[in-house]
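Asker: the sequence and its predicted three-dimensional model are supplied below.
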Amino acid sequence: MSTMLKYQEKELKIVGTRPLRPDGVDKVTGRARFGADYNLPGQLIGKVLRSPHAHARIKAIDTSAARVLPGVKAVVTRDDFAEMPDEYAAVGEMMINFRDVTRNMMAREKALYDGHPVAAVAATSESVAREALALIKVEYEVLPHVIDVVEAMQPGAPLLHEDQYTLGVKPKPDHPSNVAKRLEFGRGDVVAGFKEADLIVEREFNTKPVHQGYIEPQACLASYSEDGQAELWTSTQGHFVFRAQCAKVLQMDVSKIRVTPTEIGGGFGGKNNIYNEALAIALSRKSHRPVKMVMTREEVFRATGPTSGANVKVRIGCTRDGKITAAEAELNFQAGAFPGSPVAQASMCAFTRYDLANVRVVGNDVTVNRPKVAAYRAPGAPIAVFGVESVIDEMAKKLGIDPIEFRLKNAAREGTQTYYGPKLGPIGYVQTLEQARAHPHYSAPLGPNQGRGIATGFWFNIGNETTCSLNLQEDGSLTLVLGTVDVAGGSRAAMAMMVAEELGIDYESVSAIVGDTSTLGFNFLTAGSRSTFASGMACVIASRQVIEKLRQRAAKIREVPLEAVAWKDGHARPAGGDVAQFAPMSLAEIAKMAGKTGGAIAGHAEINAQGAGPGFGVHIVDVEVDRQTGSISILRYTVVQDVGKAIHPAYVEGQLQGGAVQGIGWALNEEYVYGDDGVLQNPGFLDYRVPVASDVPFIDTVIVEVPNPNHPYGVRGCGEVPIIAPMAAIANAVENAIGLRLCEQPLSPPRVLKAIDDAAAAKG
Amino acid sequence: MALNHVSATVNGDRVEFLCETGHTLLEALRDELRLTGTKEGCGTGDCGACSVIVDGRLLCSCLMLAVEAEGKSIQTIEGMATGESLHPLQRKFIEHAALQCGICTPGILIAARSLLERNQNPTESEVRYWLAGNLCRCTGYHKIVEAVLDAAREMRGG
């Protein structure tokens, strides 16, 4: 059987319906166990000492007083971890370097941001652990720091890594730089393209870092046994990836670590990397006791995530009738303390909604004294798209062309050559634009100080390594063991639905669980909108294997040739025609006889799923601007998105609504605020303000289904596209409401008010 | 450090526990009584994941000291369902897909029940403002608000 299955149109009984999720009851009764809900007898509590400085050389660490405090069982510092050479691995759509992973989990030569771990302790209680942290003496030589991305790129800026020379520049530069890497993407001739333009618009944009903001802080529990084996329970988007990272930094065999993913209280890319996990195993190894580590919210803000803040320059030219002739962007992205911002993804997403002959995008990955950025839902794309879709909107307005019409004139379609590599296959961008234009929202009347904006988003979606097992139990029920974590979206339900559809049985007879790392082969993270696509493909393959075995067993029992047996509606039935007739057998009947006909029946899939289908979306938003306070209200919001196929439409709607509201928070309120000392000033949900229920209206959704030809049900994936457009759509709506183009995110009341006041002052 | 002895009623059961003076009610519920359905999202009263009801009052258990629970009656998510039957809010949350990751769900359910005890027929706006102290990062609140309104409708008998 081919490992890749193509789309087949067929009549569906379960896929596309809305059954109840298997984790629902446990989550409404408090029974579901998240990271911090696991405990072991004899466990210690681990806590981390963090740098109070944005940039400092660590001259000495004295843990002697902490070690002798009664109740302290282990202390670890940089001396407990091996130096790692440069070695790269994929994490979601991003790359990590183990040299940096080991330095990010525990500072070595230097502390590179406020919150950087410098030591960790395990003690009999949290209060003893905290007391011990206060007894650790760290001798710092405080160094000048740099927080702003543009400042960090200047010659003479404080250097985070003295041995970092900009990659992607030839010849190799003479001097080290905070610019870790320079990337360039493009096609055609932009100089010639701009010469053909009747209108050129150029703008500069700035965005602040925002945090994934999952409500569950990182939490893990580790138990290292004297036989050299470790168990780890942790809140993660990918337990196999966490196992690989822990094994590497702790220099253990992969098979000696068993990782069980707990229910995860939100991740959004922020739980793709280890933070405390290797520390907990190391503390357990040293103390000979299980060690539990739970971050505080302040630690989450200071030391995990966020995504990049950025400086973005966009220049687009078009003809009088709205045909884009050239497009250019420079994207300067904060990477945080170590290289690895999502600037490459942002570069590729910047213009890939348009069919462009002449494009050039330059991206810079810049280290600054902030926590190392992590993936955040469509990493990088919303930042680039904020700039590009703002400029597109301005051009449409200047030419008097409807903004959707302008986008349709330039829209990417099947066969469009991208500027980063592939030609696009069948995609639904034009359909989403047309459905947005036809939606009643688009033509509804607006009042004073109200405005409407639209913006569009593109995300690649990905496939990658995926495994699963489908075990037919002796009574005919099935257990589906998945290797991709259900990060919240309801993938256990979606996978069980696809299995039930394949086998022609009830959804309720399939129990889907996520297995630990010892039960299956390697699985990549739940990231890149890959789970329903890749894990769904694996589940269909496993289902078809089970069907094949069921047919074989039925043929054996009924003493007919295999080709006489067809599988239909959960039964082995005569294939029809001239071949043998026999009494049909149900799945349960065959399952009950499995022991006598060859043993248990199961299906397995171990694949590297290829052929992910890109996703496109259009957002329409109405805002009202309060000219007295600068406050923006979201009055109405509509998301139109091509998801390929919505296996469970309610859970797809949930992705579109949740992504849009995260984008609304990004647009309006969320930002990291640093003082001149390089210390984060708002590490809590009071001052880092994510949207609350009263900030937003109902989010209307329109699901467009243009099947992905490379998935048996046409799935593309849907989780990331919805966060891409909101920032730009809201900025466009604000411009439509008050005539001011705002290029600094967030569009928070002080900033909006200043823009209004400045404009009034300029008018005199 | 001497521990404090506290007696209270949790979900109708008499309980006793020992706690440090600085421990919060949330820590006592989770670590001493092993009622881990109540979640910690921030520890500063900003996210509502630790919402419980103490003597009829909705509050963040991370902002109340455990010793203050002496003699009090506390209701947590573990006491919301009656035997085998879920509370209508719990059922509607599942039916409306009003939860994704579920970490905020216990706190939101406790808060929503507290709303419906005071106001049997809330408007959308009243639901949104009542739940404004409970952060959810997954759902965008759409399906949560729908579920609460639908539960209220069912509980009114309509």
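Answerer: Thanks, I have the structure now.
Asker: which stretches of chain B form helices?
Answerer: Applying DSSP state H to chain B gives helices spanning B:25-27, B:88-95, B:105-118, B:124-130, B:142-155.
Asker: the chain - how does it break down into domains?
Answerer: This is for chain A. A:24-32+A:463-609, A:44-143+A:216-265+A:271-303, A:310-461+A:613-763 (automatic domain parsing).
Asker: should've been chain B
Answerer: B:4-77, B:88-155.
Asker: my read: residue A:743 touches residue A:391, true?
Answerer: No: contact criterion C-beta atoms under 8 Å: residue A:743 and residue A:391 do not qualify, at 9.7 Å. C-beta here means a position set from N, CA and C on the backbone, and glycine is covered the same way.
Asker: which residues do the two both contact?
Answerer: Residues touching both residue A:743 and residue A:391 by C-beta atoms under 8 Å, 6 or more residues apart in numbering or on different chains: residue A:203.
Asker: who's more crowded, those two?
Answerer: residue A:391 (23 against 19; other C-beta atoms under 10 Å in any protein chain shown).
Asker: helices or strands up against the host helix or strand of the more buried one?
Answerer: Here residue A:391, judged by DSSP states H and E, is contained in helix A:381-399. Packing partners of helix A:381-399 (3 or more C-beta pairs under 8 Å, 6 or more residues apart in numbering or on different chains; DSSP states H and E): strand A:199-207, strand A:310-318, strand A:324-336, helix A:343-350, helix A:403-409, strand A:450-459, helix A:726-738.
Asker: any chance of these in CSV, with mean pLDDT, mean neighbour count and distance to chain B too?
Answerer: Formatted as CSV, the helices and strands packed on helix A:381-399 follow (pLDDT from 0 to 100; neighbours: other C-beta atoms under 10 Å in any protein chain shown; distance: least, C-beta to the nearest C-beta, whole Å):
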stretch, mean pLDDT, mean neighbour count, distance to chain B
strand A:199-207, 98, 18, 19
strand A:310-318, 98, 24, 22
strand A:324-336, 98, 25, 21
helix A:343-350, 98, 27, 21
helix A:403-409, 98, 20, 23
strand A:450-459, 98, 26, 16
helix A:726-738, 98, 27, 11
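Asker: residue A:374: which of those is closest?
Answerer: Among the helices and strands packed on helix A:381-399, the nearest to residue A:374 by C-beta to C-beta is strand A:324-336 (8.6 Å).
Asker: how far off helix A:343-350 does that closest one point, in degrees?
Answerer: Counting by axes from the mean of the first three to the mean of the last three C-alpha atoms, to 10 degrees, strand A:324-336 lies at 160 degrees to helix A:343-350.
Asker: who does strand A:324-336 touch, helix- and strand-wise?
Answerer: In terms of contacts (3+ C-beta pairs under 8 Å, 6+ apart), strand A:324-336 is packed against helix A:149-153, helix A:190-195, strand A:310-318, helix A:343-350, strand A:359-367, helix A:381-399.
Asker: just for the chain, where's the confidence low?
Answerer: No chain specified, so I'll use chain A. A:1-3 (pLDDT under 70).
Asker: nope, chain B please
Answerer: Applying pLDDT under 70 to chain B picks out residues B:1.
Asker: picking up where we left off before, mind putting the helices of chain B into JSON lines with distance to residue A:678 and mean neighbour count?
Answerer: Listed next are the helices of chain B as JSON lines, based on distance: least, C-beta to C-beta, whole Å; neighbours: other C-beta atoms under 10 Å in any protein chain shown:
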{"stretch": "helix B:25-27", "distance to residue A:678": "32", "mean neighbour count": "23"}
{"stretch": "helix B:88-95", "distance to residue A:678": "43", "mean neighbour count": "22"}
{"stretch": "helix B:105-118", "distance to residue A:678": "34", "mean neighbour count": "24"}
{"stretch": "helix B:124-130", "distance to residue A:678": "38", "mean neighbour count": "18"}
{"stretch": "helix B:142-155", "distance to residue A:678": "38", "mean neighbour count": "22"}
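Asker: and residue A:618, which of those is closest to it?
Answerer: Counting by C-beta to C-beta, residue A:618 lies closest to helix B:142-155 out of the helices of chain B; the figure is 18.2 Å.
Asker: pull the residues that contact that closest one.
Answerer: By C-beta under 8 Å, 6+ apart, the residues outside helix B:142-155 that reach it are A:650, A:653-654, A:657, A:693, A:698-699, B:88-89, B:91-93, B:95-99, B:108, B:112, B:115-116, B:120-122, B:124, B:127-128, B:131, B:136.
Asker: how far is it from where the chain is centred?
Answerer: 17 Å (C-alpha atoms, centre = their mean, to the nearest Å).
Asker: residues contacting the residue of chain A found nearest chain B?
Answerer: In chain A, the residue found nearest to chain B is residue A:30; the distance is 1.9 Å by C-beta to the nearest C-beta. The contact partners of residue A:30, taken as C-beta under 8 Å, 6+ apart, are B:35-38, B:76-78, B:80, B:106.
Asker: ok, now how distant is it from residue B:106?
Answerer: 5 Å (C-beta to C-beta, to the nearest Å).
Asker: now do the shared contacts for the two.
Answerer: Common neighbours of residue A:30 and residue B:106 (C-beta under 8 Å, 6+ apart) are B:37-38, B:76-77.
Asker: most neighbours among those residues, which one?
Answerer: Neighbour max across those (other C-beta under 10 Å) = residue B:77, 28 neighbours.
Asker: which of the three states applies to residue A:602?
Answerer: With DSSP: H, G, I helix; E, B strand; the rest coil as the basis, residue A:602 sits in strand.
Asker: wait, isn't it in contact with residue A:469?
Answerer: Yes: using C-beta under 8 Å, residue A:602 is in contact with residue A:469, at 6.1 Å.
Asker: now the common contact residues for these two.
Answerer: Common contact partners of residue A:602 and residue A:469 (C-beta under 8 Å, 6+ apart): residue A:542.
Asker: give me the more crowded residue out of the two.
Answerer: Neighbour tally, residue A:602 and residue A:469, criterion other C-beta under 10 Å: the higher count belongs to residue A:469, 21 against 18.
Asker: what's the helix or strand for the more buried one?
Answerer: If you go by DSSP H and E, residue A:469 is part of strand A:464-472.
Asker: near the closest residue to residue A:226 other than its chain neighbours, how many other residues are there?
Answerer: Distances taken as C-beta to C-beta, 6 or more residues apart in numbering or on different chains put residue A:288 closest to residue A:226, at 6.9 Å, once the chain neighbours are dropped. Number of residues near residue A:288 (other C-beta under 10 Å) recorded here: 14.
Asker: equivalent analysis for the one 3 residues further on, please.
Answerer: Other residues within reach of residue A:291 by the criterion other C-beta under 10 Å amount to 30.
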